[in-house]
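return a 3D structure for these sequence lines:
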Amino acid sequence: MIDLNNKNNFNKYVTLIRTADDFFEAALRCDLNESIKVKKYPLMIPNFVNSAFACELYLKATLFLNKNEIPQKHKLDDLFLELDQEDKKGIYDI
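Numbers count the residues shown, from 1 in each chain. Take a look at the predicted model:
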C-alpha cells in the first residue's frame with residue numbers, strides 16, 4: 001500500500017482518478033439516455049472508448065495504491081488479473 005501522505009504519490013493518484021472521472025463523464029454524455037434527452041443519435045463508439053479509458057485508469061489507480069507502480073499495459077483483462085482478490089471481489093460485487 002502506498003503512502004498517500006507523500007505528496008508525489010498523492011498527486012499521481014489524484015491525477016489518475018480525476019482523469020478517469022473525466023473519461024467516465026464523457027462516456028456518460030455519449031450514452032443512449034443522454035442522446036435521447038438532446039434528440040441526437042447515440043455516440044456508441046465514443047461511449048465504448050471513453051468507458052474503456054475510464055476503466056483502465058481506475059484499475060491503474062487501484063494497482064498504484066496496492067503496488068506503488070502504474071502498469072504500462074493497456075489490456076483491461078491483464079490489469080484486472082493483477083488486482084488482489086479483495087479488489088477483484090469488490091469489482092464483482094458492484
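
tell me the contacts of residue 6?
Under the criterion of Cβ atoms under 8 Å, 6 or more residues apart in numbering, residue 6 has no contact partners. All C-beta atoms are positioned from the backbone trio N, CA, C, and that covers glycine.

just the pLDDT at it, thanks.
Among the per-residue scores, residue 6 shows a pLDDT of 86.

residue 9 too?
For residue 9, pLDDT reads 88.

give the buried residues for the helix or strand encompassing it.
Using DSSP states H and E, residue 9 falls within helix 7-30. Across helix 7-30, burial judged by 16 or more other Cβ atoms under 10 Å covers 12, 13, 16, 17, 19, 20, 23, 24, 26, 27, 30.

that one: what's the following helix or strand?
helix 32-37.

low-confidence ranges in this structure?
Counting by pLDDT under 70, the chain shows no low-confidence range.

let me know the outermost residue of it.
Centroid-distance maximum for the chain: residue 39 at 28.3 Å, with Cα atoms, centre = their mean.

name the SS class of that one, please.
Using DSSP: H, G, I helix; E, B strand; the rest coil, the secondary structure recorded for residue 39 is coil.

how near is it to residue 45?
20 Å (Cβ to Cβ, to the nearest Å).

got it, and residue 74?
Separation of residue 74 from residue 45 (Cβ to Cβ): 17 Å.

same thing with residue 65?
Counting by Cβ to Cβ - residue 65 and residue 45 are separated by 31 Å.

who has more neighbours out of these two?
Per other Cβ atoms under 10 Å, whichever of residue 65 and residue 45 has more neighbours is residue 65, with 15 against 9.
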